[in-house]
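Next comes the sequence, and after it the predicted model I'd like to discuss.
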Amino acid sequence: MSRLSFLLLVLAILLSSGSAWSVTKVDSVLVDIKGADVKRPKIGLVLSGGGAKGMAHIGVLKVLEEMGIRPDYISGTSMGSIVGGLYALGYSADSLKNMMVSQNWSEILTNTIPLKEVNINEKDDYKHYVADFKISGNGIELPSGIIEGQKLSQVLTRYCWPSYQYETFSDFPIPFFCVGSDITTGKAVIFDRGDMAEALRGSMAIPTVFTAVSIDDKYIVDGGLVRNFPVKETIDRGADIIIGSYVGAEMKSREQLSSMVSLLKQSTMLLSVMDSEENKPLCNVLIEPNLGDYSPADFYNADSIINRGEIAARKMRGNLKRLIDSINYRGTKVDIEERGELLAIEKIKIKRVEYVGLENISRKLVTGKLNLKPENWYSANDIEESISRLYGTLYFDKIKYRITSDRDGALLTMIFKEKYNTILSASLNYNNETKGGVLVNLTLRNTILKASKWSTILNISELPSLKSEFSKYVGAKQSVNLIGGVDYNSAKIKGYNNSRIMSIYSMYTLKFYLGAEVYPESSLSFGIRTGKSYTFMNSELYANYNKMYISNLYTTLSFKFNTLDRPYWSTRGLMLKTNLNYYYDNKHRVKYDTYKPLGQSSGLKTVKGNSSAYFTFDTRFKYNIRIFSDLLVYKHTSFFGISSRDDNYNQQYRIGGAHAYLDNSVPFLGYRENSFVYNNVIYNKIELQSEVYKDFFVSAFFNAGYFNTASDKLVDRLFEFNDWIGGGGVAVGYNSVFGPIELHVAKLTDSDTPKLYFSVGYRLW
């Protein structure tokens, strides 16, 4: 089960939800009530909560539009608050439908943001852990919900963008209010003013799924817990006639309560369902779409659910017609354009910018990354891009904004929820090559200095590794990162000949470094590092030497560009990593076994030396081409590495396995991990990948490479394809809640035996 599937299951159990959308063309709805009696009874439209099933309200609204019925009041809870609130603001039923159908729900319903939006210095560790724990003076703390809802809040704010021009929700083209629950008192809370996006987010804050929302002095969760169908409140606001659309939970019989899930669902929503049953009889027309085969988590079936709502409303056309005739209601066909001007606010002049919630994080970091200047005009896109740039630093749990009207412009308020200073993260992995292990990450942000990060990653396994790095943002736009750290890793290098192990040696590498990286944008960086590396190799099975010790003083120039959409099974984007390493020296001490003609060892011989300076250059390149959406993606991976010295002892590139876990790792499916080491490498892989079902992938691949110790031979024999090694195979993968599950089967062209690679969980590096 993927992390998203797990969350959707919880959504279904709790029978509530939230939703959000990316931008579509905005249209609007207007009903002109020419000649209507101003004293006629007022119509209230009440929309219940119900998770994804609440999208059926859009179908109901479409039928009301066709009949020329414009409510005088709209109220809603949870999903009903979102559909009703945006409709009251001016969006039409068709516009709302387009919003729902076009969404990337996997982003909205998780804490995940696209990898391309994460700053490049954070990409390697992003979403690499199963669990995060916040550490404070009180010990380890758990969040109030699984989902903080950055994307959800962001898209809600985008669609509520025009609401800033109204003082209260009652001033909307159609007066509106929504309902939340104060979890500290158990009472319903009516939202009819303030930040509309925040009110909608609070109304659908499903407990334990979405984090609670602090509004004024109240701690708000989903309104469906207390008042899922606010008919009484709508009557109190002045509605004489109520049209209700209900998609919430129903009381189940004893026979239907046959499972733990059904019992949990009914017990969770018991009081809410009973309250709704008291409110239903107060409706003059009650529309209840038939959604028995859909759950509150079926967001991917938006089109079908909306259609069910439309079908149910059409069945009630006769009742609706009799109702409006009885009150002498004379509406007209919907005018889609007249009120569109109210929504077509492309840019707003920002008079002032305020920052709320900054405690530990440097204000300079925030203003530098946002780069929002007073007295300038900004669109929703402009502000969201600035937020994405700052959020991608991973210093915040949430960043949202509020726009309030000002006399000659607007006030932009940026609201921050900082990450805890200390976060402990962990993940597990098992694979059939390096076996099992645990990855632990302790990250301290803004503890030593503001705008700083100290991250220590420990891989506890048969081949342990450790990386501890301190970094500090500097500069006017905080686009320069000063870094220093230590990096230790171990590996077991096995040489094979037709699946027979011919040599084994252990390799241990320790590096100390200082440097700086410059980030012109979140997906691009230039860097320089200088440091000292130490390598120790110990032969366990004859490998031309017994022991080897090497030390190098080096400087590295790097260039990185990464717009991949995700670390595993990417479907779009490009990645390029280039390193130019200059080694000032190559101090070495090698202990050889000496042999007699009959192969008997006659003892050990030690050779010491200090080779002259040399350089290595390598570049890694990946790109994806979507042939047919996510159903068919062409992927290409290339690696080129070369060394100016052939006898530097510290052979640079490790060949084999499914993934590159170090800068000098070259994956090659068909070979086991670390099967060979070479100074000069050319490698290419082509792959066709298909997401055959949500989070389930299959692919076919072919990889080929040419490896040589001598750089001149690498160039001279580059097109001697008889010297190339090739192999291909198939792979399946699943993005589970515990991390990626992968199975590769590959066969080399010169081997009769296919190789199997299996892994569960995030890789331990």
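All right, it came through fine. Numbers count the residues shown, from 1 in each chain.

can you map out the strands along the stretch 601-750 of the chain?
For the stretch 601-750 of the chain, the strands defined by DSSP state E, counting those that start in this stretch occupy 601-611, 614-628, 632-643, 653-655, 665-666, 676-678, 680-693, 696-708, 725-736, 739-748.

got a markdown table for the ones you listed, with distance to residue 475 and mean pLDDT too?
(C-beta placed from N, C-alpha, C; glycine too.) Output for these, formatted as a markdown table (distance: least, C-beta to C-beta, whole Å; pLDDT from 0 to 100):
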| stretch | distance to residue 475 | mean pLDDT |
| --- | --- | --- |
| strand 601-611 | 38 | 64 |
| strand 614-628 | 27 | 92 |
| strand 632-643 | 32 | 93 |
| strand 653-655 | 34 | 86 |
| strand 665-666 | 32 | 88 |
| strand 676-678 | 39 | 81 |
| strand 680-693 | 36 | 92 |
| strand 696-708 | 40 | 92 |
| strand 725-736 | 37 | 92 |
| strand 739-748 | 36 | 92 |
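
Now render these as TSV, adding distance to residue 420.
Formatted as TSV, the strands of the stretch 601-750 of the chain follow (distance: least, C-beta to C-beta, whole Å):
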stretch	distance to residue 420
strand 601-611	48
strand 614-628	34
strand 632-643	37
strand 653-655	37
strand 665-666	33
strand 676-678	42
strand 680-693	34
strand 696-708	34
strand 725-736	26
strand 739-748	23
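
Residue 419 is nearest to which of the ones you listed?
Residue 419 lies closest, by C-beta to C-beta, to one member of these: strand 739-748, at 21.4 Å.

For the closest one, give me every contacting residue.
For strand 739-748, contacts defined as C-beta atoms under 8 Å, 6 or more residues apart in numbering pick out 130, 427-429, 568-569, 658, 669-671, 701, 725-735, 753-762.

Report the inter-axis angle for it versus strand 696-708.
Per axes from the mean of the first three to the mean of the last three C-alpha atoms, to 10 degrees, the angle that strand 739-748 makes with strand 696-708 is 50 degrees.

Tell me the helix or strand right after strand 739-748.
Moving toward the C-terminus from strand 739-748, the next helix or strand (DSSP states H and E) is strand 755-760.

packing partners for that next one?
Counting contacts by 3 or more C-beta pairs under 8 Å, 6 or more residues apart in numbering; DSSP states H and E, strand 755-760 is packed against strand 422-431, strand 739-748.

what mean pLDDT does the first one have?
Spelled out, it's strand 422-431. Mean pLDDT, computed over strand 422-431, is 89.

That strand pairs with which strands?
Partners of strand 422-431 in the sheet, by DSSP bridges, are strand 131-136 (antiparallel), strand 435-445 (antiparallel), strand 755-760 (antiparallel).

got a list of contacts for it?
Outside strand 422-431, the residues within contact range by C-beta under 8 Å, 6+ apart are 128-136, 140, 436-445, 447, 738-739, 757-764.

Return the set of buried residues in it.
Neighbour-count burial for strand 422-431 flags 422, 423, 424, 425, 426, 427, 428, 429, 431 (criterion: 16 or more other C-beta atoms under 10 Å).

Output those residues in CSV; the columns should cover distance to residue 196.
Shown next, in CSV, are the buried residues of strand 422-431 (distance: C-beta to C-beta, whole Å):
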residue, distance to residue 196
422, 35
423, 32
424, 37
425, 35
426, 39
427, 38
428, 42
429, 44
431, 49
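
out of those residues, which one sits closest to residue 198?
Distances from residue 198 to those, taken by C-beta to C-beta, are shortest for residue 423, at 25.6 Å.

how close does that closest one get to residue 358?
According to C-beta to C-beta, to the nearest Å, residue 423 stands 18 Å off from residue 358.

do residue 530 as well
Counting by C-beta to C-beta, the gap from residue 530 to residue 358 is 34 Å.

same question for stretch 275-284, mean pLDDT?
Here the average pLDDT along stretch 275-284 is 88.

residue ranges with poor pLDDT in the stretch 401-550 of the chain?
The stretch 401-550 of the chain contains residues with pLDDT under 70 at 407, 495-503, 540-545.

before we move on, what about the stretch 51-200 of the chain?
Along the stretch 51-200 of the chain, the parts satisfying pLDDT under 70 run over 111, 137, 139, 141-148.
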